[in-house]
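Sequence and computational prediction follow.
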Protein chains: 2
Amino acid sequence: MRVYLDYNATAPLRAEARAAMIAAMDVVGNPSSVHAEGRAALGIVQTARAQVAEAVGCQVAEVVFTSGATEAASVLSGFSNVTVEPTAHDALWAHHKPGEGAPSVYAMGVGNSETGVILDTPLRDDAGWRIGDLTADLLMLDITQAAGRIPFAFSWSGADLAVLSAHKLGGPKGVGALIVKRGLDIPALSLGGGQEMGRRSGTENIIGIAGFGAAIEAAARDLADGVWDRVEKLRNILEISLEASAKKTIFVGKDRKRLPNTSCFITDGWKGETQVMQMDLAGFAISAGSACSSGKVRESRVLRAMGFDAGQAASAVRVSLGPETTENEVLRFAEAWLSKEEKFRARAA
Amino acid sequence: MRVYLDYNATAPLRAEARAAMIAAMDVVGNPSSVHAEGRAALGIVQTARAQVAEAVGCQVAEVVFTSGATEAASVLSGFSNVTVEPTAHDALWAHHKPGEGAPSVYAMGVGNSETGVILDTPLRDDAGWRIGDLTADLLMLDITQAAGRIPFAFSWSGADLAVLSAHKLGGPKGVGALIVKRGLDIPALSLGGGQEMGRRSGTENIIGIAGFGAAIEAAARDLADGVWDRVEKLRNILEISLEASAKKTIFVGKDRKRLPNTSCFITDGWKGETQVMQMDLAGFAISAGSACSSGKVRESRVLRAMGFDAGQAASAVRVSLGPETTENEVLRFAEAWLSKEEKFRARAA
């Protein structure tokens, strides 16, 4: 029986999302059509829009459905003065281009995908958002890892833009949202039929959107019910189990505010990709801090930005738990990993 | 029992797509992950890629999955010299900006969504693609309405780019593809994790892609089996039934090469939107030639470009059939529409 401990890469589909998606499969129409079939499809989109708005604490009209956080973040490509926090996800980092010209945007993640570290969001005064010496007109928050895991409300954050993906919280892959503060005028994500109030053209992913809405509603309920407190206890059990034997292993960000489910640890000299493969063969799905989409390994930009050297950054793995994770799974993982770690130490000695 | 005659807006989900999507719901991993769960997800993407390539007659590596034809067409925004054929879909037309600078792109639809008219694709000589006086370096074909309905092979067309959506051929809404001729260097559709060979970042819509692959495989089989010849006969029965009584009704493009399933007809003075609503109340889903995504009505750019006046363009409806359409449904529609048309004539007299 496999043990899945890679929730920050993607979470299993929630039962609520699955049911909503299967129900949506029977809705024939295109939401842009005015006939009964079209109106039924539009109803699915609007129900999900309300579910997302409720869960992220924004207004219904502020939700723009996209194909995921990456597409949502691409709205940054329409701005000429964008500063991205160095440990932000590549989908934001790709748009880092500090320059002249207003409005300026500062983009950052809330909850790092590799380490779980939660950065404080900046404060705003009359001059704008204050980030050290920098002042920015607009703030974009990537809440992909935070949504449904830690309390967050877009309206309370004061942010101008937020991006998230359904699949990290138990919705389907390939759907997400851009949250746009009411009244903010931004470039359209795509041009054509004028869907999503003109902000994102293209026929809506009805089935995926239905799953997103159902998943985020269930995720918000889980959060309110304290499910992630239990997950955090398991994460701490994991770290205590590992550090008791693996004395040289560094737990990244352990003294900082972190997502409740994430543990990133460095065992210098034992390559992260090797650990991932060894654990995969032993039946556990975890991630290297440094894997990219092609499966090739590169140095972790995030860990380097945190001050780790190249060798350390290449020797990290990430274990990320979810609501379905059990204590037994965590203990089995710890046992399996420690047995490999002992062999690594023996070889290195 | 409702009768759905709006296949050019969107088609019902095929049983094969539904089954493939439900199966994909059980696959937990992210295709970018190297562990077993990730490889299983990647396998779904690669199976679907092969299915799409087979159906559109291109190489597997030429298929880039997107959230639909609109996103795929947005690759045009990376070019500074784009000429779009005037009856093309808004998703292409939005990028019309003839200018200087190489390379130049000519974009057009194969099979018009509103009228069904099939335009000849241009020929290429040493100077490039020849469109009247215009010469273009690259040709983009929008095959959204053609794919699975008429024979088409990307490789035989010689085109450089093609775009299509899954939902017009019985796949889910919110997934599609950009086909890129091997060796052609184009701007990335989105930046971030580097998925889709760097051409389109963002976690893949696994469930939707699985449905797309299964649907296009089934659509190609239908086409080979002559299903659309039967659909064409029904379309012709419809037009013969209508024109026998509605003497003033104009059937758009009737003397031209058309998609087998589409009939667009103008009854001057009887607003298309009114017809759509009347038929909706009578139990039939059809479309006005002029509906846009917001449900508001605007003049049909397509019909105006074909030389119809504003009044005619506003008095058009589109009936579009599919593989599930029956002769009984077509005859019931004809009877219902003719009864309304008689009342319209009585009022107009």
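Yes, it's here. Quantities reported herein were computed from a predicted structural model and do not represent experimental measurements.

tell me the mean pLDDT for stretch A:126-140?
Averaged across stretch A:126-140, the pLDDT comes to 96.

Can you list the strands that the host helix or strand of A:V163 pairs with?
Assigning secondary structure by DSSP states H and E places A:V163 in strand A:161-165. Under the criterion DSSP bridges, strand A:161-165 sits next to strand A:138-142 (parallel), strand A:176-180 (antiparallel) in its sheet.

closest one to B:L164 among those?
strand A:176-180 (22.5 Å; Cβ to Cβ). Every C-beta, even on glycine, is put in place using the N, C-alpha and C of the backbone.

For the next helix or strand after that closest one, name the packing helices and strands.
With elements assigned by DSSP H and E, the helix or strand that comes after strand A:176-180 is helix A:206-224. Judged by 3 or more Cβ pairs under 8 Å, 6 or more residues apart in numbering or on different chains; DSSP states H and E, the packing partners of helix A:206-224 are helix A:15-24, helix A:36-56, helix B:206-224.

Take those helices and write them to TSV, including mean neighbour count, mean pLDDT and distance to B:K173.
Listed next are these as TSV, based on neighbours: other Cβ atoms under 10 Å in any protein chain shown; pLDDT from 0 to 100; distance: least, Cβ to Cβ, whole Å:
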stretch	mean neighbour count	mean pLDDT	distance to B:K173
helix A:15-24	20	98	9
helix A:36-56	20	98	8
helix B:206-224	26	98	8
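
Can you tell me which of these is nearest to A:G68?
Ranking the helices and strands packed on helix A:206-224 by their distance to A:G68 (criterion: Cβ to Cβ) puts helix B:206-224 first, at 11.4 Å.

Surely A:M1 is in contact with A:N328?
No - A:M1 is beyond contact range of A:N328, at 10.4 Å (criterion: Cβ atoms under 8 Å).

From the neighbour counts alone, determine which of the two ranks first.
Legend: neighbour count by other Cβ atoms under 10 Å in any protein chain shown for A:M1 and A:N328, higher for A:N328 (9 against 5).

buried ones in the strand or helix carrying the more buried one?
In the assignment (DSSP H and E), A:N328 maps to helix A:327-348. Neighbour-count burial for helix A:327-348 flags A:329-330, A:332-334, A:336-338, A:340-341, A:344-345 (criterion: 16 or more other Cβ atoms under 10 Å in any protein chain shown).

wait, what's in contact with A:R39?
A:R39 is in contact with A:29, A:33, counting by Cβ atoms under 8 Å, 6 or more residues apart in numbering or on different chains.

cutoff 10 Å now
With contacts defined as Cβ atoms under 10 Å, 6 or more residues apart in numbering or on different chains, A:R39 is in contact with A:29, A:31, A:33, B:280, B:295.

what's around the nearest residue to the third one once chain neighbours are set aside, how many residues?
Read it as A:S33. Leaving aside its sequence neighbours, A:S33 sits nearest to B:A9 (Cβ to Cβ, 6 or more residues apart in numbering or on different chains; 5.0 Å). Per other Cβ under 10 Å, the neighbour tally for B:A9 reads 27.

can I assume B:A9 is in contact with A:G38?
Yes - counting by Cβ atoms under 10 Å, B:A9 touches A:G38, with 7.4 Å between them.
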